[in-house]
Structures are given as structure tokens and as C-alpha cells.
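A.B. asks: Here is my input; please provide its structure:
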Amino acid sequence: MSNKPIIGITMGDPASIGPEIAIKALTEEKIYEICRPVLVGDAATFNHIINKLGLGVSINAIESIAEAKFEFGRPDVYDLRNVDLDKLEFGVVSAMAGDAAFRSVAKVIELAMNGDIDATVTGPLNKKSMNEAGHHYAGHTEIYADFTGTKKYAMLLVEDHMKVIHVSTHVSLRQACDLVKKDRIVEVVELLHNGLISLGEQNLKIGIAGLNPHAGDSGLFGTEDDEEILPAVQEALRLGYDVEGPVPADTMFSKAATGYYGGVVAMYHDQGHIPFKLSGFKWNPEKKQMDSVKGVNITMGLPIIRTSVDHGTAFEIAGKGIASADAMILAIESAVQLAHHKSMVTV
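C.D. replies: Down below sits the predicted model:
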């Protein structure tokens, strides 16, 4: 048991599907076969969702990692006692829920930075709830960067053949265009290359997307591709990376879906997220619910490991028992793989 990494898993926004998918993931015995999971959040909230949905497990509330038992069927919860159940409403934005979600993230970062756990996995939080609580961050990535003092980082999305890293994420489209710069692109290529190795990917060929339609078409549709992206590709090749680009985004992602690239670089949030979610999110029109919500979000460049589900709070189905834990399970599995790789590198 001691060979298995300890994985801290946040509950996400308590009014969301976060607690549900975290508990559902830990009802899978295979999770305990690969790691020692610890939920971080409010024990009463987890008990509430267990009883509401009849999930058939019982909580072991703890105040330190040393108290964790790591027993299948009795998940450990690092209890922060930060949710007022009398005020909690599923699917409703509130400062109380936002504060609880934020404090769960802050605690799991603290535990990882102190070496009490080997990796962190985050459930979905609601940015509006969090900001109403006075925590003014664009999302998890920015919280982790701030709390760990990290300056160079990037969001990597992972699902089967599709591995996508971003030059920019939570900024306006106008600002995203301005952030397409040679040095940043080279930096992101390095982060992606290292991430692919950490994930055990054999194919290290990297596609780099163009910003404009047809990658600018020799300046007809914008100059950023020729002035910033092409020089970045040339510099990455000089540094020894196997890169190709700038490739028109519509062409690049269709090739990425076949496994032609080990990973790809998107220039901005939606350029990468839309094809990624088309690949991993499957809607069942007959059941009128998602059959699968697969995708992992990994923050590259941090001194600690952070993976996450790559979907939102799904307030519309919170508390109904129909949320899929697929992404949470994949996020935990990815965290375990990254933890093993890190331990091998540091030995």
C-alpha cells in the first residue's frame, strides 16, 4: 500500500456535480488498486450526496493525512467543515459554495507543497460563486500558479489521441491574439514535450496550429503566423523538438484525432477546447444525457502535480445522480501516472 501515491481530490463546488463524481470515482475498486485517494472538502456535504443518491459507502472524516485509512468502501475526507448544509442548494450560485470550493483547492495545494500528498486532482468550481466569495481568479490554473509562485505554465488537455496545450487560456479573444508570441510558443512546446514524456507517450511529434484561417495564407489573412508562429517553429526545430507548423487549425486537429501527432499546440482557449470536447464528450439523444464526459486537464510547469476533470459544474444536473465520473476517474489515473514518473525522475 505504501508504494501507491497519495492523491488529494477536491470536492469542487458543493452545489455542483463535484462531490457526486468524486464519490462515484471512489466506488470503483480499481482506484484503490493504483493509489491512496483522499477527498478534500466538507465531510457533511459528501455524506449528504451519499445518502441522497444511495451510493452505499460511508465517510471517514479526518483532520490530517496521517489519520487516513485508505479503505475501499469508506473514503477518507480531509474535513474542512466549510459548508452550511442549511444554505446549500444544488445548481445555485452562492458565495458560501464558492468559498468552500476555493478553500478546498487552497488546502490540497498546501498538502502537496508540504509533501503530505503526491498529487492533486480538482473537481469543477464555479467562477462566479468563487468571485462572489472574494476570490478573484479566472480558474484553477491561475490559483495554482499564484499559490505555488509559478510564472511559466500552460493548460494541457488529454483524452486518448487528443493532447492539446494552449498558448493562452482565460483571456479575451482580442487579448489572446496579442499573446501569440514566438517566445511563449517555444515555451509551451517545451512544456508539452515534457508532458508527453511524463504521460508515457511514445509519439513526440508536435503540431503547432496557425492563428488565422489557412495559417494566414502568406499574409493574406493576418501576419501573426509568419511573424511569430513560423519563427517559433524554426526555433523549436533548432532546439531539437519534432514540430510541424504553423498548420491550419482545421487540418491539424483532424490529423491529431487520428494519432498523427503526439500532441498539439493551440493558440487560444476555444481553438483547443472545441475539437477536444467534440472528441471526448458524447451526448445520448435518446436518454437526453451524456454517455461519456472524458477529458483531463493537466497544469504543466507547476512544482506539484495537478490534474482535473475538463468539464464544468453542470449545475443543471447537480444532485440528480446522473453525472458521469468518467473524467474524474481519468484525472485520478493521470495523476497516478504523473506521480510515478516524478518519483522515478527524482530518485
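
A.B. asks: So Asp99 belongs to a helix, correct?
C.D. replies: Yes - under DSSP: H, G, I helix; E, B strand; the rest coil, Asp99 sits within a helix.

A.B. asks: does it really touch His135, like I thought?
C.D. replies: Yes - with contact defined as CB atoms under 8 Å, Asp99 reaches His135; the gap is 7.1 Å. Backbone N, C-alpha and C define where each C-beta goes, glycine included.

A.B. asks: what's the overlap in contacts for the two?
C.D. replies: By CB atoms under 8 Å, 6 or more residues apart in numbering, Asp99 and His135 have no common neighbours.

A.B. asks: residues contacting the residue located most distally from the centre of the chain?
C.D. replies: Most distant from the centre of the chain: Leu220, at 36.4 Å, with distances by CA atoms, centre = their mean. Shown in contact with Leu220 (CB under 8 Å, 6+ apart): His214.

A.B. asks: Got the phi and psi for it?
C.D. replies: Backbone torsions for Leu220, taken as degrees, to the nearest 10, come to phi -70, psi -30.

A.B. asks: Quick check, pLDDT for it.
C.D. replies: Leu220 carries a pLDDT value of 89.

A.B. asks: Thr10 too?
C.D. replies: pLDDT, read off for Thr10, is 97.

A.B. asks: Kindly tell me how buried it is, as a neighbour count.
C.D. replies: When neighbours are defined as other CB atoms under 10 Å, Thr10 has 29 of them.

A.B. asks: check contacts around the closest residue to it other than its chain neighbours.
C.D. replies: Nearest residue to Thr10, sequence neighbours excluded (CB to CB, 6 or more residues apart in numbering): Ser104, at 4.2 Å. If you count contacts by CB under 8 Å, 6+ apart, Ser104 has them with Thr10, Met11, Gly12, Val40, Gly41, Asp42, Leu80, Asn82.

A.B. asks: which helix in this protein runs the most residues?
C.D. replies: In the chain, taking DSSP state H as the definition, the longest helix is helix 326-346.

A.B. asks: Which residues does it contact?
C.D. replies: So helix 326-346 is contacted by 4-5, 7, 9, 21-22, 24-25, 28, 31, 34-35, 37, 118-123, 158-159, 197-200, 280, 292-298, 305, 307-311 (CB under 8 Å, 6+ apart).

A.B. asks: Inside strands: which ones of the residues you listed?
C.D. replies: Secondary structure from DSSP state E places 7, 9, 37, 119-122, 158-159, 292-293, 296-298, 307-309 of these in strands.

A.B. asks: Narrow those residues to those that are buried.
C.D. replies: Neighbour counting by 16 or more other CB atoms under 10 Å classes 7, 9, 37, 119-122, 158-159, 293, 296-298, 307-309 among the ones in strands among the contacts of helix 326-346 as buried.

A.B. asks: pretty sure Val158 contacts Val296?
C.D. replies: Yes - between Val158 and Val296 there is a contact at 4.5 Å, judged by CB under 8 Å.

A.B. asks: Now do Leu85: how many residues are near it, please.
C.D. replies: Number of residues near Leu85 (other CB under 10 Å) recorded here: 11.

A.B. asks: any idea which element it lies in?
C.D. replies: Leu85 is part of no helix or strand, with elements assigned from DSSP states H and E.

A.B. asks: The closest residue to Lys24 other than its chain neighbours: what's it in contact with?
C.D. replies: Leaving aside its chain neighbours, Lys24 sits nearest to Ala325 (3.8 Å; criterion: CB to CB, 6+ apart). By CB under 8 Å, 6+ apart, Ala325 lies in contact with Glu20, Ile21, Ala22, Lys24, Ala25, Glu28.

A.B. asks: what about 6 Å?
C.D. replies: For Ala325, the contacting residues are Ile21, Lys24, Ala25, by CB atoms under 6 Å, 6 or more residues apart in numbering.

A.B. asks: Tell me the confidence at it?
C.D. replies: 92.

A.B. asks: Compute the inter-axis angle for whichever strand or helix holds Glu190 and helix 326-346.
C.D. replies: Assessed by DSSP H and E, Glu190 sits inside helix 182-198. In terms of direction (axes from the mean of the first three to the mean of the last three CA atoms, to 10 degrees), helix 182-198 departs from helix 326-346 by 90 degrees.

A.B. asks: which other helices and strands contact helix 182-198?
C.D. replies: Secondary-structure packing of helix 182-198 (3 or more CB pairs under 6 Å, 6 or more residues apart in numbering; DSSP states H and E): strand 154-159, helix 230-238, strand 263-266.

A.B. asks: Recalculate using a threshold of 10 Å.
C.D. replies: Helix 182-198 sits against strand 154-159, strand 162-166, strand 206-209, helix 230-238, strand 243-247, strand 263-266, strand 296-300, helix 326-346, with contacts defined as 3 or more CB pairs under 10 Å, 6 or more residues apart in numbering; DSSP states H and E.
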